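A.B. asks: could you look at this predicted model? Sequence included:
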Amino acid sequence: MGIFDLMTSTQSLWPAPKGRVLNATVALPGSKSLTNRELLLSAIASEPTLLVAPLVSRDSKLMIAALESLGIGFEWQGEDLLVTPGELLGGATIDCGLAGTVMRFVPPLSTLANGEVFFDGDEGARRRPMHTTIESLRALGVEVRADAQSLPFTVFGTGKVGGGVLEIDASASSQFVSGLLLVAAKFENGLTLKHIGDELPSLPHIEMTLETLRQRGVSAHTIDERTWRVEPGPIAGGRKIIEPDLSNAGPFLAAAMVAGGEVRIPNWPTVTTQVGAEFVRILPLMGATCNLTDNVLSIRGDGVIHGIDIDLSIGGELAPVIAALAALADSPSRITGI
């Protein structure tokens with residue numbers, strides 16, 4: 001059946017909702033970015049960690065399965081997850097699926113295991129850039145066997161990494177930076193990591209990584225916009241609450257602007273490193289009214305949307321929502337930096 005047939009077939013028509021404003025409260029799932037960072041840190045902490053309300057998704061399940069195959073213990077307690085660290089074991093096969101955080105966070109971790117760890121993923125994952133991960137591990141003195149600069153590949157860990165100073169090109173993704181920084185406290189000399197590429201990676205995601213480390217007692221800081229330092233030392237466990245995924249709020253916030261009315265998002269943090277928090281700054285520029293009271297974000301719209309000129313280099317994950325709104329705006333928009 002062609003497009004014309006789909007448009008004219010009475011059996012295929014679906015009436016779009018219309019004629020009423022929105023009035024809804026939407027509870028968001030936990031942040032994927034924070035969930036997978038906290039899962040990895042829990043695996044190398046000095047004590048067990050209880051993760052409160054982590055995201056349950058394919059990516060987080062792949063991360064849990066990867067860490068479990070390396071010897072980490074997991075126990076669900078209702079909607080919370082108890083993570084018990086243990087000695088990292090080699091001889092594991094890691095399925096990365098399509099999860100960028102798994103394919104770029106777990107290989108640096110596997111250098112701390114004794115033995116070989118094989119990484120592979122979905123067919124689409126094999127087309128994603130992994131050159132920076134592979135070459136950075138080799139620069140740290142770790143043997144990596146790879147037929148190409150992508151999945152699949154094998155890391156031969158020895159249980160320890162010297163660390164020190166490392167230069168990488170992380171232009172393709174900030175995940176290359178975060179993957180190394182997350183485990184750097186377990187390197188003998190910590191890590192001073194310098195980005196030498198032409199394009200800057202997503203700095204908010206790197207700041208999220210540094211903040212999760214600091215909240216666990218690790219000395220981690222930014223030297224300049226291209227250089228970061230993590231000191232060696234223990235990583236604390238304890239109880240960690242996973243924030244809701246603020247980027248995931250985008251379509252619901254946009255709905256209030258398109259249809260008119262109000263949408264409320266509970267448990268919105270007052271302080272966060274998530275890029276999705278930028279919606280509170282950006283959407284009012286396009287005509288929304290935002291208010292944050294008692295950790296409940298409310299957004300109101302009247303159906304009128306204004307065009308915008310904005311640099312989204314802070315986080316490309318915001319672009320789909322902003323672009324969709326721009327298509328319905330009363331003036332042109334210009335979106336750069338994606």
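C.D. replies: Sure thing, it's come through. Numbers count the residues shown, from 1 in each chain.
A.B. asks: pretty sure residue 145 sits in a strand.
C.D. replies: Yes. With DSSP: H, G, I helix; E, B strand; the rest coil as the criterion, residue 145 is assigned to a strand.
A.B. asks: leaving out chain neighbours, which residue sits closest to it?
C.D. replies: Using CB to CB, 6 or more residues apart in numbering and skipping residues adjacent in sequence, the residue nearest residue 145 is residue 154, 4.6 Å away. Every C-beta, even on glycine, is put in place using the N, C-alpha and C of the backbone.
A.B. asks: next, count neighbours for that neighbour.
C.D. replies: Neighbour count for residue 154, taken as other CB atoms under 10 Å: 16.
A.B. asks: may I have the host helix or strand of it exported as PDB, CA atoms only?
C.D. replies: Here residue 154, judged by DSSP states H and E, is contained in strand 153-158. The C-alpha atoms that make up strand 153-158 are tabulated as PDB, following Å, rounded to 0.1, in the frame of the first residue of the first chain:
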ATOM      1  CA  PHE A 153      37.100  -6.400  20.400                       C
ATOM      2  CA  THR A 154      38.700  -8.100  23.400                       C
ATOM      3  CA  VAL A 155      40.300  -6.400  26.400                       C
ATOM      4  CA  PHE A 156      43.000  -8.300  28.200                       C
ATOM      5  CA  GLY A 157      43.000  -6.900  31.800                       C
ATOM      6  CA  THR A 158      45.600  -7.400  34.400                       C
END
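A.B. asks: partners of that strand, with directions?
C.D. replies: Strand pairing for strand 153-158, using DSSP bridges, gives strand 114-120 (antiparallel), strand 143-146 (antiparallel).
A.B. asks: just to revisit the earlier point, can you pull the pLDDT of the residue nearest to residue 145?
C.D. replies: With respect to pLDDT, residue 154 scores 98.
A.B. asks: ok, it - contacts?
C.D. replies: Contact partners of residue 154, counting by CB atoms under 8 Å, 6 or more residues apart in numbering, are 116, 117, 118, 119, 144, 145, 146.
A.B. asks: the last one pairs with what?
C.D. replies: So that's residue 146. Applying DSSP bridges to residue 146 gives these bridge partners: residue 153.
A.B. asks: close enough to count as contact, it and residue 134?
C.D. replies: Yes. With contact defined as CB atoms under 8 Å, residue 146 reaches residue 134; the gap is 5.5 Å.
A.B. asks: give me the common contacts of these two.
C.D. replies: Both residue 146 and residue 134 are contacted by residue 153, under the criterion CB under 8 Å, 6+ apart.
A.B. asks: compare those two (neighbour count), which wins?
C.D. replies: residue 134 (22 against 18).
A.B. asks: assign that one to helix, strand or coil.
C.D. replies: With three-state DSSP as the basis, residue 134 sits in helix.
A.B. asks: for it, give its distance to residue 257.
C.D. replies: Here residue 134 is placed at a distance of 43 Å from residue 257 (CB to CB, to the nearest Å).
A.B. asks: off-centre distance for the helix or strand harbouring residue 281?
C.D. replies: Under the criterion of DSSP H and E, residue 281 resides in helix 279-282. Its chain's C-alpha centre and that of helix 279-282 lie 19 Å apart, by CA atoms, centre = their mean, to the nearest Å.
A.B. asks: buried residues, the helix or strand just after that helix. List them.
C.D. replies: Later in the chain than helix 279-282, the nearest helix or strand by DSSP H and E is strand 289-293. Buried positions in strand 289-293, judged by neighbour count with 16 or more other CB atoms under 10 Å: residue 290.
A.B. asks: within the sheet, what are the partner strands of strand 289-293, with directions?
C.D. replies: Using DSSP bridges, the strands paired with strand 289-293 are strand 296-301 (antiparallel).
A.B. asks: before we move on, the earlier item: using PDB, write out every CA atom in whichever helix or strand comes after the strand holding residue 154.
C.D. replies: Using DSSP H and E, the helix or strand that follows strand 153-158 in sequence is strand 164-168. The C-alpha atoms that make up strand 164-168 are tabulated as PDB, following Å, rounded to 0.1, in the frame of the first residue of the first chain:
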ATOM      1  CA  GLY A 164      48.700   9.200  35.000                       C
ATOM      2  CA  VAL A 165      48.300  11.600  32.000                       C
ATOM      3  CA  LEU A 166      46.300  10.700  28.900                       C
ATOM      4  CA  GLU A 167      45.400  12.600  25.700                       C
ATOM      5  CA  ILE A 168      42.400  11.500  23.600                       C
END
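A.B. asks: quick one: average pLDDT of strand 164-168?
C.D. replies: Averaged across strand 164-168, pLDDT comes to 98.
A.B. asks: contact partners for the nearest residue to residue 246 once chain neighbours are set aside?
C.D. replies: Of all residues not flanking residue 246 in the chain, residue 276 sits nearest, at 2.8 Å (CB to CB, 6+ apart). Taking CB under 8 Å, 6+ apart as the criterion, residue 276 is in contact with 245, 246, 247, 248, 249, 250, 315, 317, 318.
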